[in-house]
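Visitor: next comes the sequence, and after it the predicted model I'd like to discuss.
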Amino acid sequence: MTTAPRIAFLAAPTEVARAAQDRLAAIHGAAPLDRADVVVALGGDGMMLETQHRMLGRNLPVYGMNCGSVGFLMNDYREEGLAERLAAAQAAMLHPLRMRAFTGGATVMEALAINEVSLLRETRQAAKIRVMVDGKTRLAELICDGILVSTPAGSTAYNLSAHGPIIPLGANLLPLTPISAFRPRRWRGALLPAEAEVVFEVLEAEKRPVSATADYTEVRDVRRVEVREDRTVSLTMLFDPDHGLSERIIAEQFTV
């Protein structure tokens, strides 16, 4: 006889998600995080992102159920048969991006991004950014609103809104996507090997200040930002077999 998993429930701060948490805990029982086998996140994609950040270092798989709006990273919400769904779920292993941001005050900030690292102009002035990949200058000057590097899992988020490509899991690629590029106007971005190191240098930083954001960790007044995939950190998301993340990423490319 299979032992039911010990489930910890985490809910977004909405009435719908909190009510779902109460009902699921009453049906299936609820374990504290330090004794759980799996975490069930209730909310939308933002809640999945927040939960994965909370799980860094815990090595607990996260199974999301959609109680929000988009829910691209979530499974359908159902209260019955949760233990069976968890047992049959397929795992998607993800590696975050590590950002090192150097500010004008000589401060170095580090943060992990599960979706993307983005640079954005702070004022009405367009940003001027030098783009280097593995130590080689690829764009001496990009005039833009910003630029981002995305993980495959995050390629359907801000990256897609900025007209970047959708990347299937396991492709070992990272999309590099400009945000409202002015010069060179026709540059639409690049696909980089997953092991590449991307360095952004902010030009005319006093006149054209730029911020850097790793998911929801923002650093203002950056001068240099280094980004690379951190394969020492692994995250596990669980999906129903008929609703896997790889399939959804492929299907999204045919959405019109």
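Guide: Received, thanks.
Visitor: could you measure residue 49 against residue 115, distance?
Guide: Per Cβ to Cβ, to the nearest Å, residue 49 is found 6 Å from residue 115. (Glycine included, C-beta is placed from N, CA and C.)
Visitor: ok, residue 43 next?
Guide: 15 Å.
Visitor: neighbours of residue 139, just the number please.
Guide: 21 (other Cβ atoms under 10 Å).
Visitor: list the residues that contact the nearest residue to it once chain neighbours are set aside.
Guide: With sequence-adjacent residues excluded and distances taken as Cβ to Cβ, 6 or more residues apart in numbering, residue 139 is closest to residue 131, at 4.1 Å. Residues near residue 131 by Cβ atoms under 8 Å, 6 or more residues apart in numbering: 137-139, 142, 147, 176, 198-200.
Visitor: which residues does residue 131 bridge with?
Guide: residue 139, residue 200 (DSSP bridges).
Visitor: could you pull up phi and psi at residue 246?
Guide: Note on residue 246: its backbone torsions stand at phi -60, psi -40 [degrees, to the nearest 10].
Visitor: pretty sure it contacts residue 169?
Guide: Yes: counting by Cβ atoms under 8 Å, residue 246 touches residue 169, with 4.8 Å between them.
Visitor: low-confidence ranges, the protein, go.
Guide: 1-2, 243-244, 256 (pLDDT under 70).
Visitor: if you set the cut-off to 50 instead, what comes out?
Guide: Residue ranges of the chain with pLDDT under 50: 1.
Visitor: got the buried residues for stretch 108-122?
Guide: Buried residues in stretch 108-122, counting neighbours by 16 or more other Cβ atoms under 10 Å, are found at 109, 111-121.
Visitor: need these in a markdown table (columns: secondary structure and distance to residue 65).
Guide: Shown next, in a markdown table, are the buried residues of stretch 108-122 (DSSP: H, G, I helix; E, B strand; the rest coil; distance: Cβ to Cβ, whole Å):
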| residue | secondary structure | distance to residue 65 |
| --- | --- | --- |
| 109 | strand | 33 |
| 111 | strand | 27 |
| 112 | strand | 24 |
| 113 | strand | 24 |
| 114 | coil | 18 |
| 115 | coil | 20 |
| 116 | strand | 24 |
| 117 | strand | 28 |
| 118 | strand | 28 |
| 119 | strand | 33 |
| 120 | strand | 32 |
| 121 | strand | 37 |
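Visitor: the helix or strand hosting residue 238 pairs with which strands?
Guide: Per DSSP states H and E, residue 238 falls inside strand 235-239. Here strand 235-239 is paired, per DSSP bridges, with strand 62-66 (parallel), strand 90-94 (antiparallel).
Visitor: most packed of those strands?
Guide: Mean neighbours per residue, mean count of other Cβ atoms under 10 Å, is largest over these for strand 62-66, with a mean of 24.
Visitor: identify the residues contacting the helix or strand that that strand is followed by?
Guide: The C-terminal neighbour of strand 62-66 among helices and strands, as given by DSSP H and E, is helix 82-88. Contact partners of helix 82-88, identified using Cβ under 8 Å, 6+ apart, comprise 2, 4-5, 7, 24, 27-28, 38, 40, 63, 75, 78, 238, 240-241.
Visitor: now do stretch 195-205
Guide: So stretch 195-205 is contacted by 104, 119, 127-135, 141, 147, 149, 172, 174, 176, 192, 208-210, 212, 221-229 (Cβ under 8 Å, 6+ apart).
Visitor: buried residues in the lengthiest helix in the chain, which are they?
Guide: What stands out as the longest helix in the chain, according to DSSP state H, is helix 15-28. Neighbour-count burial for helix 15-28 flags 17, 20-21, 24-25, 28 (criterion: 16+ other Cβ under 10 Å).
Visitor: overlap of the contact sets of residue 49 and residue 115?
Guide: Shared contacts of residue 49 and residue 115, counting by Cβ under 8 Å, 6+ apart, come down to residue 215.
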